[in-house]
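**Q** Here's a sequence, model it:
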Amino acid sequence: MPPEPAGCGDHPARYWHRLDDGRLQCDLCPRDCRLADGQRGACFVRMRSGDGMVLTTYGRSSGFCIDPIEKKPLNHFYPGTPVLSFGTAGCNLACKFCQNWDISKSRDMDRLMDRASPAAIAALAAEHQCRSVAYTYNDPVIFAEYAIDTAEACHALGIANVVVTAGYIHAGARRDFFAPMDAANVDLKAFTEDFYWKLTGAHLRPVLDTLVWLRTHSRVWIELTTLLIPGANDGDEELTELSRWVRNELGADTPLHFTAFHPDFRLTDRAATPPATLTRARAIAREAGLRHVYTGNVHDREGGTTRCAGCGTRLIERDWYRILAYRVTDDGFCPDCRAPLAGRFTAYRGAFGPRRIPLKPN
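**A** Numbers count the residues shown, from 1 in each chain. You can find the predicted model right below:
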């Protein structure tokens, strides 16, 4: 294997302090991993090295590709535009149902074959006329230093930044991590502590705290995703409570995506989510007062359509990641009643479409 390019590999990590017993505690996320020399955190990619901590995946990616922004999923953030997506390896949650487990649960650093500096990623996005860069596939919280540096390089070229995250991060790191970000899709995996602890090895409250902080202390555009697992988090009462919380704490215009589960990783004893479950969840959330509720991982034209909150007209019609019709004005209004559509919009020049284009950095 060729040598690491400059700036790739182990990189000094932030967000840690020394304990009285000599161990170092990672302060990035609520796991609070306490490490002796050479030990790695639960995420596997943050490691103690001597008297400090390093991020072992800085500048190293599991792959780059161009996606439609709708795949993140983000339906109200520059619809139809291409986004350069990449991730690394590891994760700070232990979801038994992980749908990207081959990346997020990887302990094999040799699979991180694509290497690129923050400046190279920004240049790659500009070269391919991507409106934004997405930090995704595994949770970008665990490669915070790499994501922050890349986001700042992207902003210097006028490129927006998107994070796809579970929101499991401490308050101190949260400010730095989200400061250069423009949009986030946050996985609100369920609305019970029991689900979080038993199926993700984490806790619900820190995720809710992140969401409220994003709503009240940042300018990041927020959309939520809940993967519905039959018999685990798809009950009417839980969906009602979740939807009411979103309405009350984040606002009725916050988009919520209900997506279909397929058996994978360590949760193969559950059936795939029936489309009827997604339709029912969408109806519950709309009844609770949410204006923009979507279904995902299924063909559902009505469940993918954005309607005007004022007059109800169809503004953006979708089938999965494909935009079929688009009627939003360049400044983000309904052309019929002039009601504003919540989100971020620009002049529409046609949709990128459902393509996925793998890239290799220079």
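**Q** mind listing what the closest residue in space to Arg327 that isn't next to it in sequence touches?
**A** Taking C-beta to C-beta, 6 or more residues apart in numbering as the measure, Arg327 lies nearest to Leu315, with 5.1 Å between them; neighbours along the chain are not counted. Where C-beta positions appear, they are placed from N, C-alpha and C, glycine not excepted. Applying C-beta atoms under 8 Å, 6 or more residues apart in numbering, one finds that Leu315 lies in contact with Thr306, Arg307, Cys308, Tyr326, Arg327, Val328, Cys334, Leu341.
**Q** Name the SS class of Leu315, please.
**A** With DSSP: H, G, I helix; E, B strand; the rest coil as the basis, the three-state label of Leu315 is strand.
**Q** Just the pLDDT at it, thanks.
**A** pLDDT, Leu315: 98.
**Q** Likewise for Ala6?
**A** Here, the pLDDT recorded for Ala6 equals 49.
**Q** Tell me the buried residues within the contacts of Leu315.
**A** Neighbour-count burial within the contacts of Leu315 applies to Thr306, Arg307, Cys308, Tyr326, Val328, Cys334, Leu341; the criterion is 16 or more other C-beta atoms under 10 Å.
**Q** so of the residues you listed, which ones are in strands?
**A** Thr306, Arg307, Tyr326 (DSSP state E).
**Q** could I get those as CSV with distance to Lys198?
**A** As requested, those are arranged in CSV below (distance: C-beta to C-beta, whole Å):
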residue, distance to Lys198
Thr306, 35
Arg307, 37
Tyr326, 42
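**Q** Tabulate those (a markdown table), appending pLDDT.
**A** Rendered in a markdown table, the data for these read as follows (pLDDT from 0 to 100):
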| residue | pLDDT |
| --- | --- |
| Thr306 | 98 |
| Arg307 | 98 |
| Tyr326 | 98 |
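**Q** ok, so of those, who is nearest Ala147?
**A** The closest of these to Ala147 turns out to be Thr306 (C-beta to C-beta; 28.3 Å).
**Q** who are the neighbours in contact with that closest one?
**A** Contact analysis of Thr306 by C-beta under 8 Å, 6+ apart lists Asn75, His76, Pro79, His292, Arg314, Leu315, Ile316, Arg318, Val328, Leu341.
**Q** And the strands in the stretch 101-250 of the chain, which stretches?
**A** 114-115, 132-135, 160-165, 183-187, 221-228 (DSSP state E, counting those that start in this stretch).
**Q** Can you report how many residues lie near Ala283?
**A** 12 (other C-beta atoms under 10 Å).
**Q** that's a helix at it, yeah?
**A** Yes: secondary structure of Ala283, determined by three-state DSSP: located in a helix.
**Q** For it, give its distance to Ser243.
**A** Distance of Ala283 to Ser243, computed by C-beta to C-beta, to the nearest Å: 10 Å.
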